[in-house]
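> Make a model of this:
(one chain, ligands or ions: 1)
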Amino acid sequence: MNEYTNLREQMVATQLEGRDIANHKVLQAMRTVPRHRFVDRSLWSQAYDDRPLPIGQGQTISQPYMVALMTQCLQLSGDERVLEIGTGSGYQAAILAEIVREVFTVERIPELSQQASTLLEDLDYRNIRFEVADGTLGWEKFSPYGRILVTAGAPDIPTSLLQQLNDPGKMAIPMGGAYYQDLMVIKKEGKKVKKRHVCGCTFVHLVGEQGWKQ
Ligand code: SAH
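The predicted structure follows:
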């Protein structure tokens, strides 16, 4: 076992299984994806710590627990096509790609999208598609999606995302104020849209037409 495999095992045991992450697919994905590769080499030794880390451009890779929790909330079977808003480092996209059929990920900052797609290709992921755009408008072309995961904090649910969610479908999204949000799971079923509060959280802003203004 190399050094990072060890750190990853410890991360899964203490930060995930030690809390409330029990979904086997999620735990297996978190054991597999080499999180250190998604941050700058100078941060590799901290990559498995219980916290978010900077990824440049003022953005962050979420804390491992938050990535696992959001993924668990989506209750994935493995057949799904998932839309992710906020590619960032590409780490969450890789976790999803370990579990589901196809991942569509949208990022507004071109440099981050480019870096993530290069890395994920290098790591041999073949089921992720990248787009540089305002993700508050979703990615109409491949809609509807069985699941949508928003990894930046929104003032409200972008209506485009709700429209592009399959019926039935589920979306996880951090929503609320500029400095503090609530992780919500939105369930679309027939004419009904149900919201469930999961926990408090802090994410960088979802900036766009149906998000925060610059
Ligand atoms: N999922 C990422 C976390 C990235 S942080 C990871 O695993 O590393 C949130 C990301 O959302 C940032 O990269 C930010 O640039 C991006 N973002 C913010 N507003 C966006 C928008 N409207 N459309 C697409 N991406 C957006």
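> quick one, phi/psi of I95?
The phi/psi pair for I95 (degrees, to the nearest 10) reads phi -60, psi -50.
> where's it relative to G135, distance?
Look at I95 and G135: by Cβ to Cβ, to the nearest Å, they are 18 Å apart. Where C-beta positions appear, they are placed from N, C-alpha and C, glycine not excepted.
> What of I173?
For I173, the distance to G135 (Cβ to Cβ) stands at 11 Å.
> neighbour count winner among I95 and G135?
Shown here are I95 and G135; by other Cβ atoms under 10 Å, G135 has more neighbours (29 against 25).
> my read: the more buried one touches F104, true?
No: if you go by Cβ atoms under 8 Å, G135 and F104 don't touch, sitting 10.1 Å apart.
> Any stretches of the protein with poor pLDDT?
By pLDDT under 70, the low-scoring segments of the chain are 1.
> Apply 90 and report the result again.
Low-confidence regions of the chain, defined by pLDDT under 90, span residues 1-2, 178, 191, 214.
> hey, where'd the helices end up in the protein?
Taking DSSP state H, the helices of the chain run over residues 3-11, 24-32, 64-73, 91-99, 110-122, 159-164.
> you'd agree A29 is up against Q72?
No: between A29 and Q72 there is no contact under Cβ under 8 Å: 10.4 Å.
> residue contacts, the residue most central in space within the chain?
Residue closest to the mean C-alpha point of the chain, counted by Cα atoms, centre = their mean, is Q92 at 4.2 Å. When contacts are counted by Cβ atoms under 8 Å, 6 or more residues apart in numbering, Q92 touches 62, 67, 70-71, 84, 86, 149, 151.
> And it, how close does it get to T60?
Noted for Q92: a distance of 12 Å to T60, by Cβ to Cβ.
> Repeat that for D167.
D167 sits 33 Å away from T60, going by Cβ to Cβ.
> Have a look at those two and say which one is more surrounded.
Taking other Cβ under 10 Å, D167 and T60 do not tie; T60 has more neighbours (20 against 12).
> any idea how far that one is from I95?
16 Å.
> What of F142?
Per Cβ to Cβ, F142 is found 20 Å from I95.
> near the ligand, which residues of this protein show up?
With Cβ under 6 Å from any ligand atom as the criterion, the chain meets the ligand at residues 55, 59-62, 85-86, 88-89, 91-92, 106-109, 112, 134-136, 151-152, 204, 206-208, 211.
> roughly how far apart are the spatially closest residue to R37 that is not a sequence neighbour and the ligand?
Excluding the flanking residues, the one nearest R37 by Cβ to Cβ, 6 or more residues apart in numbering is L119, at 6.4 Å. Distance, L119 to the ligand, using Cβ to the nearest ligand atom, to the nearest Å: 11 Å.
> For L119, list the residues it contacts.
Here L119 is in contact with 37-38, 89-90 (criterion: Cβ under 8 Å, 6+ apart).
> Same question for R31.
Shown in contact with R31 (Cβ under 8 Å, 6+ apart): 8-9, 12.
> same check, this time on M70
M70 touches 62, 92, 149, 151, 172, 183, counting by Cβ under 8 Å, 6+ apart.
> who does the fifth one bridge with?
Assessed by DSSP bridges, A172 has beta-bridge partners L149, V185.
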